[in-house]
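>>> Dropping a prediction and its sequence here:
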Amino acid sequence: MLNNTIIVTGGAGFIGANFVLDWVNADLGTVVNLDKLTYAGNLENLVDIQDNPHHIFIRGDIGNRALLAKLLAEYKPRAVINFAAESHVDRSIHGPEDFIQTNVVGTFHLLEEVRSYWNSLVAANPAEKENPQFRFLHVSTDEVYGTLSATDPAFTETTSYAPNSPYSATKAASDHLVRAYHHTYGLPVLTTNCSNNYGPYHFPEKLIPLCLLNALAGKPLPIYGDGQQIRDWLFVKDHCSAIRRVLEAGKLGETYNVGGWNEKANLDVINILCQILNELQPRSDGKRYEEQITFVKDRPGHDRRYAIDATKLERELSWKPAETFETGIRKTVEWYLNNQAWVHNVTTGEYRNWVNQNYAGRTA
């Protein structure tokens with residue numbers, strides 16, 4: 001008998017933590033949260049539910065099959081949602097091996113243990129094979145589709161994969177493994193491919209939190225190249241609601257693109273960010289935050305444009321984002337301004353070393 005329990009991997013990271021917080025606070029059931037706590041996994045993201053009995057945190061690696069088997073047997077979850085991933089393109093350029101180990105090998109180990117668990121469910125209840133109640137939901141990215149020109153149509157679920165960075169190549173590999181486990185073994189899987197997320201608890205190596213915190217600290221706001229790289233921006237809370245909807249009603253074996261319908265160039269994003277900061281927390285010298293924008297040398301193989309067509313998700317599952325970019329980015333700025341203790345604690349140690357390494361000597 002399946003419990004009203006889910007296992008979330010990578011649930012102390014940015015998107016995973018937001019998902020866990022929303023799930024537990026909505027009283028949707030118990031979450032067993034498995035996270036290795038690498039640089040981007042931060043238990044401070046989950047402090048609001050640290051004493052909640054419906055949140056069980058386990059420090060561990062998705063590559064640890066003995067641990068996975070133990071957790072699946074003990075908690076008998078009705079679903080596993082896989083957020084665990086190395087996820088920063090720049091880091092993948094500097095050190096691709098970690099991405100291979102986590103995103104490819106780790107996903108393989110997770111799939112193997114989930115397959116074994118599901119087979120045990122089928123053995124105990126043969127009806128589970130034809131009408132599965134269990135779900136494995138794999139969270140992926142639009143970067144697996146490659147890059148678009150200014151006039152290309154947005155990515156759909158049938159767009160051919162063409163990853164251009166070690167990060168996106170490893171995520172593409174994990175997507176293919178998930179698909180193969182459905183078609184080969186019948187594993188009841190779902191996959192979501194999302195656009196660029198932003199919002200609370202975002203680790204400050206990514207564009208929006210990095211520039212937001214640099215602005216407040218009086219530091220340069222580093223923009224790659226000419227700043228005209230275009231992304232579709234998705235508020236993280238909207239992404240979490242989409243995942244819940246796919247988990248609830250998605251068709252097994254299917255992929256669903258999750259987007260915010262907000263295509264914007266990086267430079268435009270930072271200009272909007274600066275305008276909100278000018279309003280909410282003006283500089284003490286009376287200058288505008290836009291004056292801190294600095295263009296740096298572009299990164300190798302930088303994709304020019306991503307765009308998500310989320311029509312399928314709206315048509316089949318009646319989901320669409322609640323936030324526009326303008327409402328979502330304002331909520332994001334307000335969250336960072338109101339959570340300075342979190343900001344202080346996360347912007348120490350390895351993060352600072354990483355930013356110094358990545359941007360040193362890269363002024364264009």
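That came in fine, so what should we check first? Numbers count the residues shown, from 1 in each chain.
>>> Number of residues surrounding the residue lying closest to Gln228 once chain neighbours are set aside?
Using Cβ to Cβ, 6 or more residues apart in numbering and skipping residues adjacent in sequence, the residue nearest Gln228 is Ala265, 4.9 Å away. (Glycine included, C-beta is placed from N, CA and C.) Neighbourhood size, Ala265 [other Cβ atoms under 10 Å]: 16.
>>> mind listing the helices for the protein?
14-25, 65-75, 89-94, 97-99, 107-124, 127-130, 166-185, 207-217, 236-249, 266-280, 311-317, 325-338, 340-346, 350-359 (DSSP state H).
>>> Contacts for the longest one, please.
Residues external to helix 166-185 that are found in contact with it (Cβ atoms under 8 Å, 6 or more residues apart in numbering): 85-89, 91-93, 96, 99-100, 102-104, 107-108, 111, 115, 136, 138, 140-141, 143-144, 146, 161, 163, 187-189, 191, 193, 252-253, 255.
>>> Which PyMOL command selects the buried ones in those residues?
Applying 16 or more other Cβ atoms under 10 Å to the contacts of helix 166-185, the buried members can be selected in PyMOL as follows:
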select buried, resi 85+86+87+88+89+91+92+93+96+99+100+102+103+104+107+108+111+115+136+138+140+141+143+144+146+163+187+188+189+191+193+255
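>>> Just the contacts of helix 166-185: which are in strands?
Using DSSP state E, the subset of the contacts of helix 166-185 located in strands is Phe136, His138, Ser140, Thr141, Val189, Thr191, Asn193, Thr255.
>>> Ser174 versus the fifth one, what's the distance?
So the one you mean is Val189. To Ser174, Val189 is 11 Å away according to Cβ to Cβ, to the nearest Å.
>>> And the third one, by the same measure?
Note on Ser140: its distance to Ser174, by Cβ to Cβ, is 7 Å.
>>> Check the fourth one too.
Thr141 sits at a distance of 10 Å from Ser174 (criterion: Cβ to Cβ).
>>> In space, what's closest to Arg283 - neighbours in sequence excluded?
According to Cβ to Cβ, 6+ apart, the nearest residue to Arg283 is Tyr289 (6.5 Å).
>>> these two touch, right, the one you found and Leu277?
Yes. Tyr289 is within contact range of Leu277, at 5.0 Å (criterion: Cβ atoms under 8 Å).
>>> So for the two, which residue has more residues nearby?
Each of Tyr289 and Leu277 has its neighbours counted (other Cβ under 10 Å); Tyr289 has more, 24 against 21.
>>> can you tell me which residues contact the more buried one?
Applying Cβ under 8 Å, 6+ apart, the residues near Tyr289 are Ala215, Leu221, Leu273, Cys274, Leu277, Asn278, Arg283.
>>> The same query, at a cut-off of 6 Å, please.
Each residue near Tyr289 by Cβ atoms under 6 Å, 6 or more residues apart in numbering is listed here: Ala215, Cys274, Leu277, Asn278.
>>> okay, and for this protein, where does confidence drop off?
Within the chain, the segments meeting pLDDT under 70 span 1-2, 348-364.
>>> run the last query once more with 50
Where the chain drops to pLDDT under 50, the residues are 351-352, 354-355, 359, 361-364.
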